[in-house]
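Q: Build me a structure from this.
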Amino acid sequence: MATTFLAPFRRIAISSPPNVRPAPSGWFAANAAWCIPAAICHNLLRAAGTLTATARYPVARGATLRTHLVNLPARLARPQRRPVLHLPAHWPRAQPWLRLWQAVFAT
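A: As a prediction, this is how the structure comes out:
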């Protein structure tokens, strides 16, 4: 079930997946404790989508961002005790992911 409304200059869709349950507890404090990490995760995904510098990811849903930017088909190696991430050669989302990586770890 998705509801849409018009915000200034863009359309925003608010939706919930069909398998979303109500808050895990009947106590307000426990529900607030679950809500804070969910909000932090949402904000980090939004920031990651914005840092890719593409037209698609700043307005993408959270599930799309998790699928395209968080779930990586990569292999982690540690030669000389330094972590090295080996991405596939012909991965279609390599450029946006590398722009995100460079934006986060730029010195």
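
Q: the longest helix in this structure is where?
A: helix 28-51 (DSSP state H).

Q: At the geometric centre of this protein, which residue sits there?
A: Against the mean C-alpha coordinate of the chain, by C-alpha atoms, centre = their mean, the closest residue is Leu45 at 3.1 Å.

Q: what's the pLDDT at the closest residue to that residue other than its chain neighbours?
A: Using C-beta to C-beta, 6 or more residues apart in numbering and skipping the chain neighbours, the partner closest in space to Leu45 is Leu65 (4.7 Å). Glycine gets a C-beta too; all of them are placed from N, C-alpha and C. For Leu65, the pLDDT comes out at 89.

Q: okay but Leu65 is in contact with Tyr57, surely?
A: Yes - Leu65 lies in contact with Tyr57 (C-beta atoms under 8 Å); the separation is 6.5 Å.

Q: intersection of neighbour lists for the two?
A: In the contact map built from C-beta atoms under 8 Å, 6 or more residues apart in numbering, the residues linked to both Leu65 and Tyr57 are Ala48, Gly49.
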